[in-house]
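Q: Predicted model and sequence below, questions to follow.
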Amino acid sequence: MNDLAPLLTPEGRALLDAVRGTAPADELAVATRLRRDHPAELVSAALGQARLRTRAEAKFGAEDARRMFFTPNGVEQSTRSSVAEYRAGRLRELGVTSVADLCCGIGGDAIALARAGVRVLAVDRDPLTAAVARANAEALGLAELIEVREADVTEVATDGWDAVFVDPARRGGRGRIFDPEAYSPPLSWAVQAAAKAPHAALKVAPGIPHEAVPAGAEAEWISDGGDVKEAMLWFGTAPGAIRATLLPGPRTLLSRSLPDPAVRPVGRFLYEPDGAVIRSHLVAEVAEELDGGLIDPTIAYVTADEHRPTPYATAYEITDRLPFNVKRLKALLRERGVGILTVKKRGSAVEPEELRRKVKPQGPNAATVFLTRVAGAPTMLVGHPVGG
């Protein structure tokens with residue numbers, strides 16, 4: 001699809017309604033039937049858009065996704081609506097009423113901001129992407145609050161806007177880009193743009209090294225449903241602060257600059273910190289909350305003798321500790337009748353699927369095995385989620 005306009009015509013919209021919910025196996029028959037009365041290219045575009053809408057439901061929800069328009073890259077790179085809504089809410093709490101959304105993509109963040117009552121200038125240099133963002137604003141009844149502009153973001157003046165939001169492209173021809181200066185536009189440019197507004201939010205990859213966080217920025221790592229989605233650099237908030245935010249919630253853990261937790265023997269409970277906690281280097285804050293320690297100085301598993309519920313880590317009760325030995329583990333699982341086996345690893349080269357094939361779990365019971373290191377030694381810890 002190189003031109004959105006045909007899909008916005010009455011004929012195009014009728015076709016989109018006609019192909020909604022078409023199963024992949026039925027596409028050929030549906031296309032053959034519709035091409036009798038409609039241009040073949042338009043039918044193909046409608047079917048392609050229907051596929052993208054189905055994929056987008058996971059990020060935008062079915063109600064919005066069925067009304068919106070997408071590009072393949074737009075579905076892949078757009079912000080999940082829950083994360084965009086959280087960010088928009090935080091900007092509103094800062095008193096922001098207008099945002100220059102630079103590198104707006106298909107408009108996911110602009111939509112969340114407009115729904116929070118924020119006026120948005122949404123900018124993207126790709127003509128098709130800008131057209132899609134404009135169509136989405138209109139489809140969701142937000143066109144009065146969202147102005148979409150096709151332009152190079154480096155040439156757009158942001159004077160007079162309460163905040164700048166920059167979501168630079170982090171994918172190239174060879175996949176993901178890890179160097180912030182290789183983003184498009186580079187992080188250094190985004191930081192300069194941030195300095196021109198009272199508030200700013202820069203979206204970066206969650207793997208950004210802490211030493212790459214600019215001076216004066218607040219760094220926030222965000223997870224949704226346990227999956228780390230992104231990191232944010234905030235300006236005009238709390239310089240130097242570090243936080244991990246978990247959605248839904250939100251629940252936010254702030255850094256207290258604690259020293260690394262002490263290493264201690266494996267206790268009755270093992271805690272697996274949320275990915276945002278690990279990325280933000282806040283395992284020590286969680287360990288203190290749990291009155292726990294690390295099982296190894298290089299492994300982000302916390303152990304404790306008592307169970308203390310926390311939103312920042314998943315608790316497991318440990319029943320067995322074994323040196324790494326596949327035969328011993330297989331015998332133990334057979335003895336316990338374990339047929340449902342979850343394998344987690346941290347600090348181990350063994351792949352979970354490889355271990356599962358070797359032990360061949362059978363039986364009605366469930367267990368979790370952790371392939372890890374304890375005080376430097378390859379170890380298998382067997383247990384189950386607390387309450388599971």
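A: Ah, there it is.
Q: all contacts plus neighbour counts: C-alpha atoms, from now on.
A: OK.
Q: So Phe165, which state does it fall into?
A: With DSSP: H, G, I helix; E, B strand; the rest coil as the basis, Phe165 sits in strand.
Q: right, I mislabeled it, should have said Thr342
A: Three-state call for Thr342 (three-state DSSP): strand.
Q: Torsion angles phi and psi at Leu142?
A: phi -120, psi 10 (degrees, to the nearest 10).
Q: need the contact list for Ala84.
A: Ala84 sits next to 108-109, 112-113 when contact means CA atoms under 8 Å, 6 or more residues apart in numbering.
Q: Out of the residues you listed, flag the one nearest to Ser98.
A: Comparing these against Ser98 with CA to CA places Leu113 closest, at 8.8 Å.
Q: Where does the closest one sit, in terms of helix or strand?
A: In this assignment (DSSP states H and E), Leu113 forms part of helix 108-115.
Q: What of Leu28?
A: If you go by DSSP H and E, Leu28 is part of helix 27-34.
Q: likewise Asp64?
A: Using DSSP H and E, the element containing Asp64 is helix 62-65.
Q: got the contact list for Thr79?
A: 59, 108-109.
Q: Arg373 pairs with what?
A: Beta-bridge pairing of Arg373 under DSSP bridges involves Pro378.
Q: Identify the residues contacting it.
A: Neighbours of Arg373 in contact, by CA under 8 Å, 6+ apart: 295-296, 299, 346-348, 379.
Q: Now the buried members of those.
A: With burial judged by 16 or more other CA atoms under 10 Å, the buried subset of the contacts of Arg373 is 295-296, 299, 347-348, 379.
Q: Does the closest residue to Leu246 other than its chain neighbours fall in a helix, a strand, or a coil region?
A: With CA to CA, 6 or more residues apart in numbering as the criterion, Leu246 has its nearest non-adjacent residue at 5.0 Å, and that residue is Ser223. Using three-state DSSP, the structure places Ser223 in strand.
Q: What is the burial count for Ser223?
A: Residues near Ser223, counting by other CA atoms under 10 Å, number 22.
Q: Check Ala367 too.
A: Ala367 has 21 neighbours, counted by other CA under 10 Å.
Q: ok, for the spatially most central residue of the chain, nearest residue in space, not its chain neighbours?
A: Closest to where the C-alpha atoms of the chain average out (CA atoms, centre = their mean) is Lys229, at 1.9 Å. Once flanking residues are discounted, Lys229 sits nearest to Ser223: 5.3 Å by CA to CA, 6+ apart.
Q: How much space separates that neighbour from Tyr86?
A: As judged by CA to CA, to the nearest Å, Ser223 and Tyr86 stand 11 Å apart.
Q: Okay, now the unreliable bits of the protein?
A: For the chain, applying pLDDT under 70 flags the ranges 1-2, 171-175, 177, 388.
Q: again, 90 this time
A: Applying pLDDT under 90 to the chain picks out residues 1-4, 21-24, 73, 76-77, 159, 168-189, 195-196, 215, 249, 387-388.
Q: follow-up on the earlier one: which among the contacts of Thr79 gets closest to Val386?
A: Ranked by distance to Val386 (CA to CA), those are led by Lys59 at 29.6 Å.
Q: Surely the residue nearest to the centre of the chain is in contact with Glu220?
A: No - with contact defined as CA atoms under 8 Å, Lys229 does not count as touching Glu220 (11.1 Å).
Q: ok, Thr372 to Pro180 distance?
A: Using CA to CA, Thr372 is found at 31 Å from Pro180.
Q: Between the two, point out the one with more neighbours.
A: Ranked by neighbour count (other CA under 10 Å), Thr372 and Pro180 place Thr372 first, with 25 against 19.
Q: hang on, the more buried one packs against Met380?
A: Yes - using CA under 8 Å, Thr372 makes contact with Met380 at a distance of 6.4 Å.
Q: mind checking the end-to-end distance for stretch 147-155?
A: Stretch 147-155 stretches 16 Å from its first residue to its last (CA to CA).
Q: Quick one: the helices in the protein, in order.
A: Taking DSSP state H to define them, one finds helices in the chain at 5-8, 10-19, 27-34, 40-60, 62-65, 72-77, 81-93, 108-115, 127-139, 187-194, 275-279, 283-290, 326-336, 352-359.
Q: Go through the buried ones among the contacts of Arg373 and name the one nearest Gln77.
A: Relative to Gln77, the closest of these is Gly347; by CA to CA it sits at 29.8 Å.
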